[in-house]
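**Q** Predicted model and sequence follow; I will ask about them next.
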Amino acid sequence: MCEERVRKAAALVRSSRHAIALTGAGISVESGIPAFRGTQGLWNKYDPAEYAYISSFLANPRKVWGMLKELYQIMENALPNPAHHALAELEKMGRLKAVITQNVDGLHEKAGNERVIEFHGRGDILVCLSCSAQYPIEKISLGTIPPLCPRCQGLLKPDVVFFGEPIPRFALEEAFKEAGLCDLVLVVGTSAQVYPAAELPYQAASHRSTIIEINLEETELTHSLKTLFLQGPASQILPRLVEEG
Ligand code: OAD
């Protein structure tokens with residue numbers, strides 16, 4: 001971690017008028033939840049063509065639920081790590097106005113962030129594809145998969161966005177509103193490869209927002225947006241922004 005850059009980033013956050021964060025799977029890796037891409041990523045173990053699309057879910061819900069069940073078992077025990085806590089602290093300090101997350105693990109809310117925009121939906125709710133009833137995940141047994149609606153026996157699906165599905169309208173509007181308002185974006189733990197989420201930093205940069213990127217490795221954004229790139233684990237870098245805050 002480059003101390004000089006971290007201090008520069010902290011000063012930029014301190015002097016910002018409306019800072020927001022865009023987070024991805026990398027922020028939750030140290031909470032034990034695997035990211036999607038990379039050698040340890042979920043899409044390395046499960047082919048996205050067979051597991052990530054709404055068409056794959058509908059064609060073979062039992063198979064896709066096999067992966068989802070494994071993920072729910074991991075998420076059930078996951079706790080926020082110092083990176084999530086640091087973003088919650090920055091919000092309490094008045095330095096961060098919103099977190100836009102692509103994650104569906106609920107860890108930002110658990111850490112105490114109040115304004116969280118869940119761009120790819122939420123994993124703790126299941127929706128019936130026949131009658132639209134919604135159930136908290138803990139009310140539904142995953143003993144037999146796929147789980148079915150207790151009311152109408154329709155197929156239950158996590159209230160998350162699969163490829164081929166639209167982004168929830170409210171989240172989409174709020175996220176782009178924030179990207180239009182902000183003067184600084186902390187882009188944390190995302191490969192920035194999935195659109196429209198990856199569009200948000202470009203939208204912010206188009207009106208001269210500062211883009212600070214925290215990641216183990218460079219991404220498309222690093223050079224195209226000339227981000228202030230802080231290389232290293234989010235769980236080490238974000239707490240430093242609080243300390244310097
Ligand atoms: P990815 O798995 O594509 O990227 C995770 C990023 O986090 C990578 O750039 C890693 O280098 C970085 N990373 C890993 N560990 C880190 C750490 N400890 N600290 C900082 N950075 C770390 O995950 P996302 O960008 O979130 O969408 O993926 C975006 C979307 O693709 C997901 O929301 C999901 C997926 O398909 C849907 O399923 C619709």
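**A** Here it is on my side, so go on. Residues are numbered from 1 along each chain as shown.

**Q** On the three-state scheme, the closest residue to the ligand within the chain is what?
**A** With distances taken as CB to the nearest ligand atom, the chain approaches the ligand most closely at Gly26, which sits 2.2 Å away. The way it works is simple: take the backbone N, C-alpha and C, and place the C-beta from them, glycine included. Using DSSP: H, G, I helix; E, B strand; the rest coil as the criterion, the local structure at Gly26 reads helix.

**Q** With adjacent residues omitted, what lies nearest to it?
**A** Spatially, and ignoring its direct neighbours in sequence, Gly26 is nearest to Gly189 (2.4 Å; CB to CB, 6 or more residues apart in numbering).

**Q** Buried residues in stretch 71-81, which are they?
**A** Using 16 or more other CB atoms under 10 Å as the burial criterion, the residues of stretch 71-81 that qualify are 71-72, 75, 78, 80-81.

**Q** swap that for stretch 182-199, please
**A** Neighbour-count burial for stretch 182-199 [16+ other CB under 10 Å]: 182-192, 194, 197-198.

**Q** ok, and which of those residues reach the ligand?
**A** Filtering the buried residues of stretch 182-199 for proximity to the ligand (criterion: CB under 6 Å from any ligand atom) leaves 189-191, 194.

**Q** Turn the residues you listed into CSV, columns for pLDDT and secondary structure.
**A** Formatted as CSV, those follow (pLDDT from 0 to 100; DSSP: H, G, I helix; E, B strand; the rest coil):
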residue, pLDDT, secondary structure
Gly189, 98, coil
Thr190, 98, coil
Ser191, 98, coil
Val194, 97, coil
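
**Q** what's the closest of those residues to Val242?
**A** The shortest gap between Val242 and any of these belongs to Gly189, at 16.6 Å (CB to CB).

**Q** Can you give me the separation between the residue of the chain closest to the ligand and Ser191?
**A** Computed with CB to CB, to the nearest Å, the distance linking Gly26 and Ser191 is 8 Å.

**Q** Nearest to Met93 among the buried residues of stretch 71-81?
**A** The closest of the buried residues of stretch 71-81 to Met93 turns out to be Pro80 (CB to CB; 17.1 Å).
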